[in-house]
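**Q** Let me see the structure of the following:
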Amino acid sequence: MDSDSVVILSIEYWPDPQRGIKEAYRVLKIGGKACVIGPVHPTFWLSRFFADMWMLFPKEEEYIEWFQEAGFKDVKLKRIGPKWYRGVRRHGLIMGCSVTGVKPLTGDSPLKLGPKAEDVKKPVNPFMFLLRLILGSIAGAYFVLVPIYMWIKDQIVPKGQPI
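**A** Numbers count the residues shown, from 1 in each chain. Okay, here's the model as predicted:
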């Protein structure tokens, strides 16, 4: 099944994003466009720590590299975020981005990947599972509270000033 466009919104949960972008390339028609929307790795140390514990927060450069390696041309990245963001990174959140690329040639992606490396037969360490669950829950709460805090600051700080 060929397509003119593919939009992917769950990339932060994928164990191997490069495979998903390669697959998007495969299903597109020539000239078709793929768009990935996802979070971006934070700059503030505490935000980075929680981002690394919770899920995949790629760097902007990684998104672009994944598209280019899959064979996409005219790759473009645009930062996205809420109104309160105001483009300042003091709080350590870059928020997210959308990355688009155009499929220039027919067929499969030129990228060659080996077999999947996931080992589902290995037993899960219960201590590590519990630790990751707790840290992941704290991280999830952190990434809910920081935007609420920033929204409140946006309501208080005059509009011409960075927050």
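
**Q** any idea which strand is longest in this structure?
**A** What stands out as the longest strand in the chain, according to DSSP state E, is strand 28-39.

**Q** Contacts for that strand, please.
**A** Residues outside strand 28-39 that contact it (Cβ atoms under 8 Å, 6 or more residues apart in numbering) are 2-9, 11-12, 21, 24-25, 51, 57-58, 63, 67, 72, 80, 95-106. Using the backbone N, CA and C atoms, a C-beta is placed for each residue, glycine as well.

**Q** That strand pairs with which strands?
**A** Strand 28-39 sits in its sheet next to strand 3-8 (parallel), strand 96-102 (antiparallel), going by DSSP bridges.

**Q** Deepest in the core, which of the ones you listed is it.
**A** Across the strands paired with strand 28-39, averaging neighbours per residue (mean count of other Cβ atoms under 10 Å) puts strand 96-102 on top, at a mean of 20.

**Q** Quick one: name whatever helix or strand follows it.
**A** helix 126-156 (DSSP states H and E).

**Q** sorry, back to before: what are the buried residues along the longest strand of the chain?
**A** The neighbour-count check on strand 28-39 (16 or more other Cβ atoms under 10 Å) flags 28, 32-39 as buried.

**Q** Then stretch 42-61?
**A** Buried residues in stretch 42-61, counted by 16+ other Cβ under 10 Å: 42, 44, 47, 50-51, 53-58.

**Q** can you give me the offset of that stretch from its chain's centre?
**A** In terms of Cα atoms, centre = their mean, to the nearest Å, the centre of stretch 42-61 is set 10 Å apart from its chain centre.
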